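> just coords:
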C-alpha cells in the first residue's frame, strides 16, 4: 500500500480536497460566465463572473491558510501568520470596487439600453452558476443538527472566527477562585 492510500491521507485530503475541488469548479465556471456574459451582452453574468473571481481569491487564501496553519512561527509578526486577514481585506476591497463598477455600468445602461442576445442561454448559465454556489455551500457547510460550537462569552454574533477568538480569549482569562472567608466578607 502506497503512502496515504486507503486512509484518506493523500496529497489533498479533508479541507484541502474540498478547497481544491471548489477552486477547480469555480475557476472553470468563471470562464464560462465571462465568455457567455460578453457574447450575450449580459451585465448580470459578467458581474457574477467577477464575483466568482473574488470567490477564487478567497479559496486561494483559504488553501494557503490551511497549508500554513500547522507550521509554528518563531515570533509573532504580521507576516504569513496573518495572511488570511490581509487576504480578506484585499478581497473586500475588490468586492467594493466591483459593486462600484456594476453601479456605473447599470446607470449607463439605464440611459442607453443595450439589447440582450440569447436570453435562454443567460438563464441556463445563471442556473448553472447557482448550482455551483450550492455545491460550494454543501462542501463547506457544517453538517448535522447541532451547531458544533459554542457562542462564548457575551458576543451575540454567529461566526466561527469569533468563536475561535472567544476560545483564545477564554484561555487568556485567569480563573478566579474564592475561599469561604472572602465570599462571606465581600
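Arrived safely, thanks for sending. Since this is a predicted model, take the numbers as computed values, not measurements.
> C-alpha only now, for contacts and for neighbours.
Noted.
> Tell me who's in contact with residue 59.
Listed by CA atoms under 8 Å, 6 or more residues apart in numbering, the contact partners of residue 59 are 19, 22, 23.
> go with 7 Å
By CA atoms under 7 Å, 6 or more residues apart in numbering, the contact set of residue 59 is 19, 23.
> next one: residue 40
116, 117, 118.
> hmm, try it at 8 Å
So residue 40 contacts 116, 117, 118, 119, 122 (CA under 8 Å, 6+ apart).
> Out of those, which sit inside strands?
The members of the contacts of residue 40 all map outside strands under DSSP state E.
> Could you identify the buried members of those?
Buried by 16 or more other CA atoms under 10 Å: residue 122, out of these.
> Tell me the one of the contacts of residue 40 nearest residue 35?
Checking those against residue 35 by CA to CA gives residue 122 as the nearest, at 11.1 Å.
> And what about residue 110, helix, strand or coil?
Classification of residue 110 by DSSP: H, G, I helix; E, B strand; the rest coil places it in helix.
> Use 376 as the first number for this chain going forward.
Taking 376 as the first residue, the last one we looked at is residue 485.
> From residue 411, how far off is it?
Going from residue 485 to residue 411 by CA to CA, to the nearest Å gives 21 Å.
> what's the answer for residue 403, then?
13 Å.
> Of the two, which one has the most company?
Neighbour count, other CA atoms under 10 Å: between residue 403 and residue 411, residue 411 has more, with 18 against 12.
> what's the following helix or strand after the helix or strand containing the more buried one?
Under the criterion of DSSP states H and E, residue 411 resides in helix 390-415. The helix or strand immediately downstream of helix 390-415 is helix 418-443, counting by DSSP H and E.
> Specify the angle between that next one and helix 390-415 in degrees.
Our comparison of helix 418-443 with helix 390-415, counting by axes from the mean of the first three to the mean of the last three CA atoms, to 10 degrees, yields an angle of 160 degrees.
> Straight-line length of stretch 409-423, end to end?
By CA to CA, one end of stretch 409-423 lies 8 Å from the other end.
> Now residue 427: closest residue in space that isn't a chain neighbour?
residue 405 (5.7 Å; CA to CA, 6 or more residues apart in numbering).
> my bad, residue 515
residue 393 (7.6 Å).
> The one you found is in contact with residue 513, isn't it?
No - with contact defined as CA atoms under 8 Å, residue 393 does not count as touching residue 513 (10.1 Å).
> The two - which one has more neighbours?
residue 393 (17 against 11).
> and the more buried one, what pLDDT?
Residue 393 is assigned 85 on the pLDDT scale.
> Can you tell me the element the residue nearest to residue 422 when sequence neighbours are not counted falls in?
Excluding its sequence neighbours, the residue lying closest to residue 422 (CA to CA, 6+ apart) is residue 477, at 6.8 Å. Per DSSP H and E, residue 477 falls inside helix 458-486.
> Give the buried residues for that helix.
458, 459, 462, 466, 469, 470, 473, 477.
> Alright, calling it a day.
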